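**Student:** A predicted structure for the sequence below; I have some questions about it.
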Amino acid sequence: EPEVTQTPSHQVTQMGQEVILRCVPISNHLYFYWYRQILGQKVEFLVSFYNNEISEKSEIFDDQFSVERPDGSNFTLKIRSTKLEDSAMYFCASTKERQETQYFGPGTRLLVL
Amino acid sequence: SQQGEEDPQALSIQEGENATMNCSYKTSINNLQWYRQNSGRGLVHLILIRSNEREKHSGRLRVTLDTSKKSSSLLITASRAADTASYFCATDSSNTGKLIFGQGTTLQVKP
């Protein structure tokens, strides 16, 4: 069964460094999302992406964040200058159509020191 | 309170018993989705129920939706130790498919 994959599974970085989190959505899906979950807290929406542009973003998704679909398979989240509070599990999700089941990847655990 | 709040926050039952988790939300929705998360792991999709549906089943799972009360429930019948996990409801109220998650219910099933 097709699934969403994410790399790396864990990333440790120094405050102020740039990180790129990678996702490969399910191949025939058209809508892509990033969410994050700070340890012990609920999952929070970051951004939705469709037709090569952001369709909605949350207040968390400020100028330090960007997303890109550089080719036909990858979907990336970049954090330009990481802060301690960016430490979280980041989930990518995809769906074939809006308002359908979103399939989540296994997550990337980001630790900012 | 926020969109998608579950109760109870924690639930501990014996294997074989049924577990019921509830979710309440504030705004009208397109659909409501239930997910399971094992400790520190990814989110596994369980069931999607649309706003015009009242009940759905999948194996030992039964989900109900009451849009007049803006609430949903997830029932796990004949629970197993492997059902031990956190369970989240997530509502889709936007045009973009954005999901708003609740705080979740932590379920412990004792063997």
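**Tutor:** Here it is on my side, so go on.
**Student:** any weak-confidence spans in chain A?
**Tutor:** Along chain A, segments meeting pLDDT under 70 are nowhere present.
**Student:** And the strands in the chain?
**Tutor:** Because you didn't say which chain, this covers chain A. A:5-7, A:10-13, A:19-24, A:31-37, A:43-50, A:53-57, A:65-68, A:75-79, A:88-95, A:103-104, A:108-112 (DSSP state E).
**Student:** Can you look at chain B instead?
**Tutor:** B:5-7, B:10-14, B:19-24, B:31-37, B:43-50, B:55-58, B:61-66, B:71-76, B:85-92, B:99-101, B:105-110.
**Student:** Output those strands as JSON lines; include the columns mean neighbour count.
**Tutor:** All C-beta atoms are positioned from the backbone trio N, CA, C, and that covers glycine. Below are those laid out as JSON lines (neighbours: other C-beta atoms under 10 Å in any protein chain shown):
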{"stretch": "strand B:5-7", "mean neighbour count": "19"}
{"stretch": "strand B:10-14", "mean neighbour count": "14"}
{"stretch": "strand B:19-24", "mean neighbour count": "20"}
{"stretch": "strand B:31-37", "mean neighbour count": "23"}
{"stretch": "strand B:43-50", "mean neighbour count": "18"}
{"stretch": "strand B:55-58", "mean neighbour count": "12"}
{"stretch": "strand B:61-66", "mean neighbour count": "18"}
{"stretch": "strand B:71-76", "mean neighbour count": "20"}
{"stretch": "strand B:85-92", "mean neighbour count": "24"}
{"stretch": "strand B:99-101", "mean neighbour count": "25"}
{"stretch": "strand B:105-110", "mean neighbour count": "18"}
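**Student:** of all the ones you listed, which lies closest to A:D62?
**Tutor:** Across the strands of chain B, A:D62 has its closest neighbour in strand B:99-101 (19.2 Å, C-beta to C-beta).
**Student:** Would you tell me which residues of chain B are close to chain A?
**Tutor:** B:30-31, B:33, B:35, B:40-45, B:48, B:88, B:90, B:92, B:94-104 (C-beta under 8 Å from any C-beta of the partner chain).
**Student:** Recalculate using a threshold of 7 Å.
**Tutor:** B:30-31, B:33, B:41-43, B:45, B:48, B:88, B:92, B:94, B:96-104 (C-beta under 7 Å from any C-beta of the partner chain).
**Student:** picking that back up, and the strands of chain B: which comes nearest A:W34?
**Tutor:** Nearest to A:W34, of the strands of chain B and by C-beta to C-beta, is strand B:99-101 at 11.6 Å.
**Student:** Give the other helices and strands that the closest one contacts.
**Tutor:** If contacts are counted by 3 or more C-beta pairs under 7 Å, 6 or more residues apart in numbering or on different chains; DSSP states H and E, strand B:99-101 sits against strand A:43-50, strand B:85-92.
**Student:** what lines up beside that strand in the sheet?
**Tutor:** strand B:85-92 (antiparallel) (DSSP bridges).
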